[in-house]
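Asker: Compute the structure for the input listed below.
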Amino acid sequence: MIWIVVALGVLALVFGPGLWVRHVLRKYSKPENRYPGTGAELARQLLDRHALSAVTVEISESGDHYDPDARAVRLSPDNFNGRSLTAITVAAHEVGHAVQDGEGYLPLKLRTRLVKVLMPLERVGAGVLMLAPFAGILTRVPAIGALMLLSGVLLMFSSTVVHALTLPTELNASFSRALPMLDRHRILKDPDRPHARRLLAAAALTYVSASLLSLLNIARWWAILRR
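Answerer: Purely as a prediction, here's the structure:
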């Protein structure tokens, strides 16, 4: 019985943040015409007010994010074209990252470098994990397969490191950049401010849920390794 409780607790810890994030973003995406301007229009407006006219605003199918290499705020179709509270708040959050970049915010610089170095290692780790069982069989040396499994798990852990180091940058973009911008320029309707805080917390925690899911994947491979 106790193991069932523990298992349920672990599942809640791993999947809970992601489910909460999706719930919050979906909840405040209605009504769709809450604001007069779209997320893309607000992003452009805020960027121009911060002398970041060189930063572009683009529609993206790969989710909402800021690309420091391309100097582009990228928004999903719903948030690019949408006029909901979610669209406005997410756009402000991504502009927050652009402002960080423009000011030379060190944690964002470190994250960008880590992503370039560590994220490819995750793909290498996944490849090593898939090849590990065959290596042990072909060489007839089980230790080689086990060593490859261990190496793959360690390489995949790199993504968890990146996500963990991302959280302070995300919180800063939400509450030290986006929310003050929304307040300063009086973008939000008065009843929406507490809801916007909830949305900004959800935007920041997106990476936390990704980190927890990557840890679950690592734990699954580690269990295979110990067999």
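
Asker: all strands for the protein, in order.
Answerer: 56-59, 65-67, 72-75 (DSSP state E).

Asker: which one of those strands lies closest to A173?
Answerer: Across the strands of the chain, A173 has its closest neighbour in strand 65-67 (8.3 Å, CB to CB). In short, each C-beta sits where N, CA and C put it, glycine included.

Asker: For that closest one, name the packing helices and strands.
Answerer: Applying 3 or more CB pairs under 8 Å, 6 or more residues apart in numbering; DSSP states H and E, we find strand 65-67 packed against strand 72-75, helix 85-102.

Asker: rewinding a little: buried deepest among the strands of the chain, which one?
Answerer: Each of those was scored by mean neighbour count; the highest is strand 72-75, a mean of 24, by mean count of other CB atoms under 10 Å.

Asker: Who are the packing partners of that strand?
Answerer: Judged by 3+ CB pairs under 8 Å, 6+ apart, strand 72-75 is in contact with helix 39-49, strand 56-59, strand 65-67, helix 85-102.

Asker: want to try CSV for the ones you listed, with mean pLDDT as columns?
Answerer: CSV is the format used below for these (pLDDT from 0 to 100):
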stretch, mean pLDDT
helix 39-49, 98
strand 56-59, 98
strand 65-67, 95
helix 85-102, 97
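
Asker: any low-confidence regions in this protein?
Answerer: Regions of the chain meeting the criterion pLDDT under 70 cover residues 1-17, 118-159, 164, 207-227.

Asker: so where do the helices sit in it?
Answerer: All helices of the chain, identified by DSSP state H, fall at 2-27, 39-49, 77-81, 85-102, 106-139, 142-171, 179-184, 193-226.

Asker: before we move on, the earlier item: out of the helices and strands packed on strand 65-67, which comes closest to H185?
Answerer: Counting by CB to CB, H185 lies closest to helix 85-102 out of these; the figure is 9.5 Å.

Asker: Give me the angle between that closest one and helix 39-49.
Answerer: What separates the directions of helix 85-102 and helix 39-49 is an angle of 30 degrees, with axes from the mean of the first three to the mean of the last three CA atoms, to 10 degrees.

Asker: Please shift the residue numbers so they start at 134 in all later answers.
Answerer: Taking 134 as the first residue, the last one we looked at is helix 218-235.

Asker: What is helix 218-235 packed up against?
Answerer: Helix 218-235 sits against helix 135-160, helix 172-182, strand 198-200, strand 205-208, helix 210-214, helix 239-272, helix 312-317, helix 326-359, with contacts defined as 3+ CB pairs under 8 Å, 6+ apart.

Asker: Can you name the residues that contact L243?
Answerer: Contacts for L243 (CB atoms under 8 Å, 6 or more residues apart in numbering) come out as L298.

Asker: Tell me the spacing between it and D202.
Answerer: Counting by CB to CB, to the nearest Å, the gap between L243 and D202 amounts to 15 Å.

Asker: Next: V223.
Answerer: Distance of V223 to D202, computed by CB to CB: 21 Å.

Asker: Between those two, point out the one with more neighbours.
Answerer: Higher neighbour count among V223 and D202: V223, with 29 against 8, using other CB atoms under 10 Å.

Asker: mind checking how far the more buried one is from L208?
Answerer: V223 is 7 Å from L208, by CB to CB.

Asker: if we can go back for a sec, of the strands of the chain, which is nearest D316?
Answerer: Distances from D316 to each of the strands of the chain were compared using CB to CB; the shortest belongs to strand 205-208, at 19.7 Å.
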